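Asker: got a predicted structure here, sequence first:
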Amino acid sequence: MTAARFSTFELLLLQSRDQADSAALLLLAWVLAQQGPVGEAERAQLVSLTGAFRHGHELAPLLEIAASQDLGAIQLAAEVLQKELHGDTARAFLRLAVTLAAEHGEPTLANHHILRFLADLLGVPPLEFAELYASQAGRALREPGDPSRRDYWQQRERGTRDRRRETAGEENDERPGQEQAAESERTEQESAREARAEARRQAREDKAEARRQRQEEKAQAKARQKAERDAEKRRQQARREAEKQRQRAEREQARRHREEERERRRGGHRERQQHSRSGDRGSDHGHQRAHDDGAHRAHERPAAPDPRIRSALTVLGLEPGASRGEIRKAYRRLAQAHHPDRFHQEGDAIVASASRRFQRIRRAYDFLMKVS
């Protein structure tokens, strides 16, 4: 009951000593099957190439699966191989596949596509795979023919005619020597024309590939330039925003300074008015008040300065007894010198230090304005 749930290849994987070797063996058998019927010589070649594999099961079931084109089993083998093979082991497997596909000449159309599929499956780029193929097969990797194009079938027909002529020549060995020589010359000329046509086609494809690569490089260069321009725009925008914030802070500081100056002037004007009114009163009252104040001050002891006031005055760089006007001037001077917005280009550490100094100056100023 349980065995019926699994395919033949799934059962082989369950029984295998090394699932990656079993999957690789199936895909190599698939490559071999694309060259025609697998005989004893082909089987012996596959066994010789995979002698180090540790699958531990018979080869015959895998050959049957490959010959039947069981795509479900082939897909499962590809997934196992993609998961297990990486780096040097993946390239070693591709060399085995190239050996089977190209040992007796140019790979079949199916094997051309299978080899490229396996290289892409294992993460080997096309250029690197072309070098691997050339080093293993001893010749460059050619592009496969395109069955959708007319010249593909024309070339196949010419190849068929050539093989027929060769067969007819073997069966008709008694033809006159001159006729055979002429036929051979025509065949050579036709082969030369085909070779030249193939060379021209290959040259066109090489030019197209080079043009495509140049276009990709240009597109990548444009993308990099655009990214750099966008990054520079963002940096400029950030600098402009920081400059606007600094200017707003300076304007706000200047506005507060003007308000404080107006308030100071209004306070001075009120004091002068009060002094003028008090001067109009009788001189006798003035003399008596001066006498009383002098007597009161004579009996008073000087009060000890509050340490908080002394500390706040030290922060603003003032001496004890400083007036409100002096406190305002000192605050405006220090606040302008130590405001954090003046240091926004110097780095976060310097800005943080300036912010702490500014807050200490502001607290000292607020305290002195409350108690004075």
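Answerer: Received the coordinates, thanks. Only a predicted model underlies this, so the values are computations on that prediction, with no experimental measurement involved. Residues are numbered from 1 along each chain as shown.
Asker: number of nearby residues for A67?
Answerer: Around A67 sit 15 other residues, with neighbours defined as other C-beta atoms under 10 Å. C-beta coordinates here come from the backbone N, C-alpha and C atoms, glycine included.
Asker: wait, it touches Q35, no?
Answerer: No: using C-beta atoms under 8 Å, A67 is not in contact with Q35, being 11.5 Å away.
Asker: quick one: contacts for Q15?
Answerer: G56, H57 (C-beta atoms under 8 Å, 6 or more residues apart in numbering).
Asker: likewise for E106?
Answerer: Shown in contact with E106 (C-beta under 8 Å, 6+ apart): R142.
Asker: got a list of contacts for the helix or strand hosting R332?
Answerer: Using DSSP states H and E, R332 maps to helix 324-338. Here helix 324-338 makes contact (C-beta under 8 Å, 6+ apart) with 253, 257, 260, 264, 316-318, 322, 354, 357-358, 361-362, 364-365, 368-369, 372.
Asker: equivalent analysis for stretch 247-266, please.
Answerer: Outside of stretch 247-266, the residues within contact range by C-beta under 8 Å, 6+ apart are R324, G325, R328, R332, A335, Q336, H339, D341.
Asker: picking up where we left off before, are any of the contacts of helix 324-338 buried, and if so which?
Answerer: Among those, those buried by neighbour count (16 or more other C-beta atoms under 10 Å) are E260, L316, L318, A322, A354, R357, F358, I361, A364, Y365, L368.
Asker: now, among those residues, which is nearest to A219?
Answerer: Nearest to A219, judged by C-beta to C-beta, of the buried ones among the contacts of helix 324-338 is A354 at 47.2 Å.
Asker: shouldn't the closest one be in contact with Q345?
Answerer: No: at 11.9 Å, A354 does not count as touching Q345 under the criterion of C-beta under 8 Å.
Asker: next, count neighbours for L26.
Answerer: L26: 26 neighbours (other C-beta under 10 Å).
Asker: please name the nearest non-neighbouring residue to it.
Answerer: Once flanking residues are discounted, L26 sits nearest to A77: 4.5 Å by C-beta to C-beta, 6 or more residues apart in numbering.
Asker: which residues touch the one you found?
Answerer: A77 is in contact with F9, S22, A23, A24, L26, L27, counting by C-beta under 8 Å, 6+ apart.
Asker: mind listing what's buried in the helix or strand hosting it?
Answerer: Using DSSP H and E, A77 sits in helix 71-84. Of all the residues in helix 71-84, those buried under the rule 16+ other C-beta under 10 Å are A73, I74, L76, A77, A78, V80, L81, Q82.
Asker: would you turn these into TSV with distance to L141 and pLDDT?
Answerer: Below are the buried residues of helix 71-84 laid out as TSV (distance: C-beta to C-beta, whole Å; pLDDT from 0 to 100):
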residue	distance to L141	pLDDT
A73	27	90
I74	22	90
L76	28	91
A77	24	89
A78	21	91
V80	26	91
L81	21	89
Q82	22	90
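Asker: looking at those residues, which is nearest N111?
Answerer: I74 (13.9 Å).
Asker: quick one on the thing from earlier: between the contacts of A77, which has the most around it?
Answerer: That'd be A23 among the contacts of A77, by other C-beta under 10 Å, with 29 neighbours.
Asker: mind listing what it touches?
Answerer: Contacts of A23 (C-beta under 8 Å, 6+ apart): L13, L76, A77, A78, V80, L81, E84.
Asker: would a markdown table of the residues you listed with distance to R212 be doable?
Answerer: Shown next, in a markdown table, are the contacts of A23 (distance: C-beta to C-beta, whole Å):
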| residue | distance to R212 |
| --- | --- |
| L13 | 40 |
| L76 | 35 |
| A77 | 33 |
| A78 | 28 |
| V80 | 34 |
| L81 | 30 |
| E84 | 34 |
